[in-house]
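Trainee: Sequence first, then the predicted structure:
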There are 2 protein chains.
Amino acid sequence: MINAPRLVDEPSSVVRRLSSLASLDAAAHDLLDAAAADAYLLRPRQEMLSEGRAVDTPLILLDGWAARVRVLVDGRRQIVSLLLPGDVIGVSELPDPVSTSTIIALTAVRVCSAPPCGASPALDLAYAVSRAHDEAYLLAQVTRLGRMNAQERIMDLLLELYERLGLAGLVRDRGFDVPLTQETMSDALGLTPVHVNRMLQAARKAEELTWTGKRITLANPVRSASELGRVPLRVRADIAKTAAA
Amino acid sequence: MINAPRLVDEPSSVVRRLSSLASLDAAAHDLLDAAAADAYLLRPRQEMLSEGRAVDTPLILLDGWAARVRVLVDGRRQIVSLLLPGDVIGVSELPDPVSTSTIIALTAVRVCSAPPCGASPALDLAYAVSRAHDEAYLLAQVTRLGRMNAQERIMDLLLELYERLGLAGLVRDRGFDVPLTQETMSDALGLTPVHVNRMLQAARKAEELTWTGKRITLANPVRSASELGRVPLRVRADIAKTAAA
DNA sequence: CGTGACATTGATCTCGCTCAAGCTTGGTGG
DNA sequence: CCACCAAGCTTGAGCGAGATCAATGTCACG
């Protein structure tokens, strides 16, 4: 569709996402552009990182979706978290880190290695905020699986995707592309595919969402969010505010 | 230096835990001793950190147990993770961090503020490893809640406690003190207290564990672990090995 | 015009929840 | 020293959300 990515007119998901986490200066932009120039493609189902294997280089997910997966001995599979365009993977302040989970591409995926820490203070901050977000999403995943019923899990996850894709500039008109099968969703939600299907139908009948092709549109994200008690994610004190006081 | 708490004879849980994560030099020990000198006590149920509130200072849990908790609008409660003696709380590389979860003391608790990052390289490494562990335990919690049944969840959590308390030197003879009520466990496991009770009875009948008073003893941790497919946690490449090669 | 991946539907089962009641125990005050 | 009481543990009966098993439908693609 889009061939030459003209960063000025149409900023990439990474740039949009990281900019919304921390303001990026020109140096940071240059580093990201340079990194993105060495992007490469992965096929769906391809492993990007293997549990127990050393992490050679942190990655940036430029395009496509991936998932952190844990598999039990008998084959049960749990998607620990979803990785969306613009997400940063495996940046760690730990030397010689070893991956604690397997990461597989859910779709065709375009990645590049992330500019290393220390090269740009603005970028380092963005990484730190990004990691704080990741952790918050993990906490959300825990409470989803531990204390929500099937309907709530589905809507809560979709709202999280809505929020996260929004940061990357991938939401338009309360709608966004979700290249997931119902089976993949069930692995993320700790449910069976059959039950996910039925609950989705119920949600459609209740006119909470539409899901045609690969695009989901939420009828009323604000209302749904407040019903679930979701609050906007905040990981840093607002310095502007506190400085002004 | 070594008067009241005789670190040589009986190292504290923090020192034992952090030492097993990264070898601490004399400077790191001194920093920890100094920090521990300013310890203070908290009562059970007291909030140590509130969701959405700024984190003033990272803490070290010297004694007692705490929990990161998420509460839904209608009161459902999920314990996201358990915090054990020796655990480090809220160390973040992010400036002006805001807590993404509430932390409450489960027992009487003794804490002190953690020596800041940058003061000791050895300590910084220990912090980094500690944080990597925390993340791994979160992943484990997600797969527990998402894909394990009640029996498996209970044993898996107990094995994690066994492993973690072992690092802090708090396991003796396959037994360890667990100051949890069954209700608290149920909040960590995403189950009801009634069901936790029944599954515990089943586990006792199957002679997998004993739980008398506050002390749990696992009959055969190694066998239980292999049945669940648990593998020892590893977050760093073994430098000794790679360096030797 | 197969063929394979995914969505949908139905029937049945079961694990874990709910509600409700006893039971045990340790602490507290009279 | 005992009576009492609140927490927590145990037990029972019944129910229901979600799992399981097994087809069938649909659609894109070679």
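Mentor: Received it, and whenever you're ready, just let me know what you need.
Trainee: Please make it C-alpha for all contacts and neighbour counts, starting now.
Mentor: Will do.
Trainee: for A:W211, what are its contacts?
Mentor: By Cα atoms under 8 Å, 6 or more residues apart in numbering or on different chains, the contact set of A:W211 is A:T217.
Trainee: which element is it on?
Mentor: Here A:W211 sits within strand A:209-212, counting by DSSP states H and E.
Trainee: Average the pLDDT values over that strand and round to the nearest integer.
Mentor: For strand A:209-212, the mean pLDDT works out to 94.
Trainee: Please apply the same query to stretch A:174-181.
Mentor: 96.
Trainee: roughly how far out does that stretch sit from the chain middle?
Mentor: Centroid separation for stretch A:174-181 versus its chain: 12 Å, with Cα atoms, centre = their mean, to the nearest Å.
Trainee: returning to that earlier point: buried residues, the strand holding A:W211. List them.
Mentor: A:209-211 (16 or more other Cα atoms under 10 Å in any protein chain shown).
Trainee: and what of stretch A:56-65?
Mentor: A:57-65.
Trainee: Dump those into a markdown table; add secondary structure, distance to DNA strand C and pLDDT as well.
Mentor: What follows is the buried residues of stretch A:56-65, written out as a markdown table (DSSP: H, G, I helix; E, B strand; the rest coil; distance: Cα to the nearest atom of the strand, whole Å; pLDDT from 0 to 100):
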| residue | secondary structure | distance to DNA strand C | pLDDT |
| --- | --- | --- | --- |
| A:T57 | coil | 29 | 89 |
| A:P58 | coil | 28 | 92 |
| A:L59 | strand | 25 | 95 |
| A:I60 | strand | 24 | 97 |
| A:L61 | strand | 21 | 97 |
| A:L62 | strand | 22 | 96 |
| A:D63 | strand | 18 | 95 |
| A:G64 | coil | 15 | 97 |
| A:W65 | coil | 14 | 98 |
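Trainee: and the longest helix for chain A?
Mentor: helix A:121-147 (DSSP state H).
Trainee: Report whether that helix contacts chain B.
Mentor: Yes. Using Cα under 8 Å from any Cα of the partner chain, helix A:121-147 reaches chain B at A:125, A:128-129, A:132, A:135-136, A:138-139, A:141-143, A:145-147.
Trainee: Out of the residues you listed, give me the one that has the most neighbours.
Mentor: If you count neighbours using other Cα atoms under 10 Å in any protein chain shown, the busiest of these is A:V142, which has 30 neighbours.
Trainee: Kindly report the residues of chain A close to DNA strand C.
Mentor: For chain A, the residues in contact with DNA strand C (Cα under 7 Å from any atom of the strand) are A:180-183, A:193-194, A:197-198, A:200-201.
Trainee: what's near enough to touch A:L145?
Mentor: Contacts of A:L145 by Cα under 8 Å, 6+ apart are A:153, A:189-190, B:142, B:145-146, B:190.
Trainee: ok, the residues you listed vs DNA strand C, which is closest?
Mentor: Taking Cα to the nearest atom of the strand as the measure, B:G190 is the one of the contacts of A:L145 closest to DNA strand C, at 5.9 Å.
Trainee: For the closest one, grab phi and psi.
Mentor: phi 70, psi 30 (degrees, to the nearest 10).
Trainee: Give me the residue ranges of chain A where confidence is low.
Mentor: By pLDDT under 70, the weakly predicted segments of chain A are A:1-10, A:239-245.
Trainee: where along chain A do the helices fall?
Mentor: Along chain A, counting by DSSP H, helices occupy A:13-21, A:26-37, A:121-147, A:150-167, A:182-189, A:193-205, A:221-228, A:239-244.
Trainee: What's the local residue count around A:E207?
Mentor: A:E207: 12 neighbours (other Cα under 10 Å).
Trainee: Quote the end-to-end distance of stretch A:18-30.
Mentor: Criterion Cα to Cα, to the nearest Å; first-to-last residue distance in stretch A:18-30 is 13 Å.
Trainee: now stretch A:47-54: how far from the chain's centre is it?
Mentor: On Cα atoms, centre = their mean, the centre of stretch A:47-54 falls 19 Å from the chain's centre.
Trainee: any idea how far A:P232 lies from DNA strand D?
Mentor: Using Cα to the nearest atom of the strand, to the nearest Å, A:P232 is found at 25 Å from DNA strand D.
Trainee: out of the residues of chain A next to DNA strand C, who has the most neighbours?
Mentor: That'd be A:L200 among those, by other Cα under 10 Å, with 21 neighbours.
Trainee: Which one of the contacts of A:L145 is nearest to DNA strand D?
Mentor: A:G190 (6.0 Å).
Trainee: ok, that closest one - contacts?
Mentor: Taking Cα under 8 Å, 6+ apart as the test, what A:G190 contacts is A:78, A:145, B:145-147.
Trainee: Present these as CSV; the columns should include distance to A:E227.
Mentor: Formatted as CSV, these follow (distance: Cα to Cα, whole Å):
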residue, distance to A:E227
A:Q78, 26
A:L145, 18
B:L145, 23
B:G146, 23
B:R147, 26
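Trainee: Looking at these, which is nearest B:A225?
Mentor: Closest to B:A225 out of these is B:R147 (16.3 Å), distances taken as Cα to Cα.
Trainee: right, and the closest one touches A:I79 too?
Mentor: No. Contact criterion Cα atoms under 8 Å: B:R147 and A:I79 do not qualify, at 9.8 Å.
Trainee: What is the neighbour count of A:A39?
Mentor: 16.
Trainee: In space, what's closest to it - neighbours in sequence excluded?
Mentor: A:C112 (4.3 Å; Cα to Cα, 6 or more residues apart in numbering or on different chains).
Trainee: ok, that neighbour to B:E160 distance?
Mentor: 35 Å.
Trainee: and if you look at A:E47?
Mentor: From A:E47 to B:E160 the distance is 27 Å (Cα to Cα).
Trainee: Give me the more crowded residue out of the two.
Mentor: B:E160 (19 against 16).
Trainee: Count the neighbours of A:A203 for me.
Mentor: 16.
Trainee: Pull the contacting residues for it.
Mentor: Counted by Cα under 8 Å, 6+ apart, A:A203 has contacts A:151, A:209.
Trainee: Next: the one 5 residues further on.
Mentor: When the contact criterion is Cα under 8 Å, 6+ apart, the partners of A:E208 are A:218-220.
Trainee: Closest one to DNA strand C out of those, please.
Mentor: Among the contacts of A:E208, and counting by Cα to the nearest atom of the strand, the member closest to DNA strand C is A:L218, at 16.2 Å.
Trainee: In contact with A:R153, which residues?
Mentor: Per Cα under 8 Å, 6+ apart, neighbours of A:R153: A:144-145, A:189.
Trainee: Check which residues of stretch A:64-84 are buried.
Mentor: A:64-70, A:77-84.
Trainee: just how off-centre is it within its chain?
Mentor: 13 Å.
Trainee: hmm, that stretch touching DNA strand D?
Mentor: No. Against DNA strand D, stretch A:64-84 shows no contacts by Cα under 7 Å from any atom of the strand, the least distance being 9.3 Å.
Trainee: got the CA positions of that stretch in CSV?
Mentor: In CSV, the C-alpha atoms belonging to stretch A:64-84 read as follows (Å, rounded to 0.1, in the frame of the first residue of the first chain):
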residue,chain,number,x,y,z
GLY,A,64,2.4,-6.2,12.4
TRP,A,65,1.4,-8.0,15.6
ALA,A,66,3.3,-10.4,17.8
ALA,A,67,2.7,-12.2,21.1
ARG,A,68,4.6,-13.3,24.2
VAL,A,69,3.7,-16.9,24.7
ARG,A,70,4.0,-19.4,27.4
VAL,A,71,3.3,-23.1,26.6
LEU,A,72,2.5,-25.7,29.3
VAL,A,73,3.9,-29.2,29.1
ASP,A,74,0.6,-30.6,27.7
GLY,A,75,0.3,-28.0,25.1
ARG,A,76,-2.0,-25.5,26.7
ARG,A,77,-1.0,-22.1,25.5
GLN,A,78,-1.2,-18.7,27.1
ILE,A,79,-0.5,-15.4,25.4
VAL,A,80,1.0,-13.3,28.1
SER,A,81,0.9,-10.1,26.2
LEU,A,82,0.2,-8.8,22.8
LEU,A,83,2.8,-6.7,21.0
LEU,A,84,1.5,-4.0,18.6
